[in-house]
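Undergrad: What would the 3D arrangement of this be:
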Amino acid sequence: MKYSIRRQMTAIFIGLFAFILGAVLLINNSFLGTYYLSHKTDELIRTYHQIDMALEDGDLSENTSARQNILIRTERANVDLVVVDDGGDVVLNTMSTDDPRFREMLLGILQLGVVDQERVIKSTDDYTIYRTGGLAGSDDVEYLKMWGRLSDNSWFLMQSPLASIQESASLANQFLIYLGIIGIILGGILVWLFSRRITQPIMELAGLSQEMANLNFDAKYTSGGSNEIGVLGSNFNRMSEQLEKTVSELKRANNQLQKDIEQKEKIEDMRNEFLGNVSHELKTPIALIQGYAEGLKEGVNDDPESREFYCDVIMDEAGKMNRMVRNLLTLNQLEFGSDEVQFERFDIVSLVRGVIASCEILIQQADATVDFIADEKLFVWADEFKTEQVMRNYLTNAIHHVENERRIEVRIVSVDGKARVTVFNSGKPIPEEDLPKLWDKFYKVDKAHTREYGGNGIGLSIVKAIMESFHQKYGVRNFDNGVAFWFELDAKMENTSLH
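TA: Below is the predicted model:
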């Protein structure tokens, strides 16, 4: 990223470090000499007071602790010292008597008061501190000297060489520059590395916000931490959870609204389809009833057999209309979920045997035979009344379409906790393209043949609605010599979904 926080932090650190280094160099050039001279002056004054106190206490003789402390102090401070009493004897000396500086310092004591006032740094009644070149023409070395008298009238002279202030400042500046460059490089690298601890959680938050913008609420902030970024990450997670709940609620509401709209459209389509199909289905029986009723009224045939035939036709067509209306009402209740399903445990074998017995007259009229193959008993969980409707529809459908050897086979088998009921009738197979449409309302494969048996294309639609309310499987299968319709029911309680 061009303007990443990581780069900005590194640049700010390097700039700040460079500014501090420049300020230190400037201060070093401007004030180092003054500080150095002031420090040396204070050191000479402290040494003077220590010597004076030792003289007052009479503790400046050989091998005394005060004398040793003074020698240690002058050695550490690089100070040369000569103390001469009023008789001209050397009381204290930090150098060998053979050292040229010793003779120079004795000569300096004799040159009492010969000081260039312009080089005086500090002057009191007891001592004078000044800067000067070395004695005997040693002008290449500059000294800070302190000359005066002690409390016992002894004379003293202290001197400490002053290194070139400019040279010292230059060396110090060079050292600071080298040190600063190394510090900038190492510091920049460390800032670049450590800033990742800040930028990485921020980048994670940026990625999380992108995922949230794409409605992916599974992504969560995982870096943790109790600092500000950690708190922000926790808030992001809570916001993500809240947004997920809100979006889910909106989706549910939108889905429900879509379902309501689709249901409304479906109801309207069903209403139009219902009116069209009912008017089409009722047209023929109404026309027959009207025609035969007019024939009776006008006395077309006066013989009893003709009148009885006319009345039978009218009654038969009226019965068909009555059955169609009842089936339509049943189907409407099933499709709209207003017909409650009552699950109970019952013997499916006994129920199927009873349905076969009740249809015995139709079986005889169709000159068919029924083979019933089942165990003695098999208990299932379902709505017994609606299961009987399914079985009756399958059986009457088989009776109406049985052909060839005119054989009907009803079989009940138990497989994997399911009871499968199959109703087979010999005859012509159903065209494959018509199989998916069998379960649609008012659909008939052979309209003329269906009219002959009084069908109206609603029975299998009722089967479909009932089995879907059970949440169970059903279907049809073609064979070379006939057609088999089947359905399944739960034979175990734990597999049953109660509604």
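
Undergrad: can you give me the strands for the stretch 51-200 of the chain?
TA: The residue ranges that make up the strands of the stretch 51-200 of the chain, judged by DSSP state E, counting those that start in this stretch, are 80-84, 90-93, 120-123, 127-133, 142-149, 155-162.

Undergrad: Tabulate these in TSV, adding columns for distance to residue 460.
TA: Bear in mind the C-beta positions are built from the backbone N, C-alpha and C, glycine included. As requested, the strands of the stretch 51-200 of the chain are arranged in TSV below (distance: least, CB to CB, whole Å):
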stretch	distance to residue 460
strand 80-84	128
strand 90-93	133
strand 120-123	124
strand 127-133	125
strand 142-149	123
strand 155-162	120
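
Undergrad: can you put those strands in a markdown table and add mean pLDDT and distance to residue 251?
TA: Putting the strands of the stretch 51-200 of the chain into a markdown table (pLDDT from 0 to 100; distance: least, CB to CB, whole Å) gives the following:
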| stretch | mean pLDDT | distance to residue 251 |
| --- | --- | --- |
| strand 80-84 | 90 | 95 |
| strand 90-93 | 86 | 100 |
| strand 120-123 | 88 | 89 |
| strand 127-133 | 84 | 91 |
| strand 142-149 | 87 | 89 |
| strand 155-162 | 87 | 87 |
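
Undergrad: Stretch 409-424 spans what distance, first to last residue?
TA: Distance between the boundary residues of stretch 409-424 (CA to CA, to the nearest Å) amounts to 5 Å.

Undergrad: low-confidence ranges in the stretch 51-200 of the chain?
TA: Low-confidence segments of the stretch 51-200 of the chain, defined by pLDDT under 70: 110-114, 133-140, 163-169, 197.

Undergrad: In the stretch 201-350 of the chain, what residue spans correspond to strands?
TA: Under the criterion DSSP E, counting those that start in this stretch, the stretch 201-350 of the chain carries strands at the ranges 344-347.

Undergrad: Show me where it dips below the pLDDT cut-off.
TA: Using pLDDT under 70, the flagged stretches of the stretch 201-350 of the chain are 217, 224-225, 270-271, 273-284, 300-302, 320, 323-324, 326-339.

Undergrad: Would you agree residue 311 is in contact with residue 296?
TA: Yes. When contacts are counted by CB atoms under 8 Å, residue 311 is listed as touching residue 296 (7.5 Å).

Undergrad: Just give me the longest helix of the protein.
TA: helix 228-298 (DSSP state H).

Undergrad: Show me what that one packs onto, helices and strands only.
TA: For helix 228-298, the packing partners by 3 or more CB pairs under 8 Å, 6 or more residues apart in numbering; DSSP states H and E come out as helix 196-213, helix 304-335.

Undergrad: nearest spatial neighbour of the spatially most central residue of the chain, skipping sequence neighbours?
TA: Centroid-nearest residue in the chain: residue 219, 1.7 Å away (criterion: CA atoms, centre = their mean). For residue 219, ignoring the flanking residues on the chain, the nearest one in space by CB to CB, 6 or more residues apart in numbering is residue 211 at 4.0 Å.

Undergrad: Counting neighbours, what do you get for the one you found?
TA: Neighbour count for residue 211, taken as other CB atoms under 10 Å: 15.

Undergrad: what does residue 476 give?
TA: 17.

Undergrad: where's it relative to residue 366, distance?
TA: Using CB to CB, to the nearest Å, residue 476 is found at 20 Å from residue 366.

Undergrad: correct me, but residue 85 touches residue 150?
TA: No. In terms of CB under 8 Å, residue 85 does not count as a neighbour of residue 150; the distance is 9.2 Å.

Undergrad: between those two, who's got more neighbours?
TA: Neighbour count, other CB under 10 Å: between residue 85 and residue 150, residue 150 has more, with 21 against 15.

Undergrad: Now the more buried one: closest residue in space that isn't a chain neighbour?
TA: Leaving aside its chain neighbours, residue 150 sits nearest to residue 52 (5.1 Å; criterion: CB to CB, 6+ apart).

Undergrad: Could you measure from that neighbour over to residue 151?
TA: Taking CB to CB, one finds residue 52 at 5 Å from residue 151.

Undergrad: Name the residue in those two with the higher neighbour count.
TA: Neighbour tally, residue 52 and residue 151, criterion other CB under 10 Å: the higher count belongs to residue 52, 19 against 11.

Undergrad: Going by neighbour count, which residues of stretch 406-423 are buried?
TA: Residues 407-412, 418-423 are the ones in stretch 406-423 that count as buried (16 or more other CB atoms under 10 Å).

Undergrad: roughly how far is it from the heart of the chain?
TA: Once both centres are worked out by CA atoms, centre = their mean, to the nearest Å, stretch 406-423 turns out to sit 52 Å from its chain's centre.

Undergrad: Also stretch 473-482?
TA: The offset between the C-alpha centroid of stretch 473-482 and the centroid of the whole chain comes to 51 Å, using CA atoms, centre = their mean.

Undergrad: contacting residues around it?
TA: Outside stretch 473-482, the residues within contact range by CB atoms under 8 Å, 6 or more residues apart in numbering are 390, 404, 407, 424-427, 429-430, 432, 435, 438, 463-464, 467, 483-488.

Undergrad: 6 Å instead?
TA: Residues from elsewhere that reach stretch 473-482 (CB atoms under 6 Å, 6 or more residues apart in numbering): 424-427, 429, 467, 484-488.

Undergrad: Pull out the buried positions in it.
TA: 474, 476, 482.

Undergrad: Export only the CA atoms of stretch 227-242, formatted as CSV.
TA: Coordinates of each C-alpha in stretch 227-242 appear next as CSV, following Å, rounded to 0.1, in the frame of the first residue of the first chain:
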residue,chain,number,x,y,z
ASN,A,227,-5.4,-2.9,23.4
GLU,A,228,-7.4,-0.5,21.3
ILE,A,229,-7.2,-2.7,18.2
GLY,A,230,-8.3,-5.7,20.2
VAL,A,231,-11.3,-3.9,21.5
LEU,A,232,-12.1,-2.7,17.9
GLY,A,233,-11.8,-6.4,16.7
SER,A,234,-14.2,-7.6,19.4
ASN,A,235,-16.6,-4.9,18.4
PHE,A,236,-16.3,-6.0,14.8
ASN,A,237,-17.1,-9.6,15.8
ARG,A,238,-20.2,-8.4,17.8
MET,A,239,-21.3,-6.2,14.9
SER,A,240,-20.8,-9.2,12.5
GLU,A,241,-23.0,-11.4,14.6
GLN,A,242,-25.6,-8.7,14.9
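
Undergrad: so how far is it from its chain's centroid?
TA: Here stretch 227-242 is found 11 Å from its chain centre; the criterion is CA atoms, centre = their mean.

Undergrad: bridging residues for residue 482?
TA: Per DSSP bridges, residues listed as beta-bridge partners of residue 482: residue 426, residue 479.

Undergrad: all helices for the stretch 51-200 of the chain, in order.
TA: Assigned helices in the stretch 51-200 of the chain, in chain order: 65-76, 100-110, 165-194, 196-213 (criterion: DSSP state H, counting those that start in this stretch).

Undergrad: and of those, who's closest to residue 377?
TA: helix 196-213 (59.4 Å; CB to CB).

Undergrad: could you check the angle helix 228-298 makes with the closest one?
TA: Taking axes from the mean of the first three to the mean of the last three CA atoms, to 10 degrees, one finds helix 196-213 and helix 228-298 inclined to each other by 10 degrees.

Undergrad: residues in contact with the residue nearest to residue 313 when sequence neighbours are not counted?
TA: Of all residues not flanking residue 313 in the chain, residue 292 sits nearest, at 5.1 Å (CB to CB, 6+ apart). With contact set as CB under 6 Å, 6+ apart, residue 292 has these partners: 310, 313-314.

Undergrad: Perfect, that will be all.
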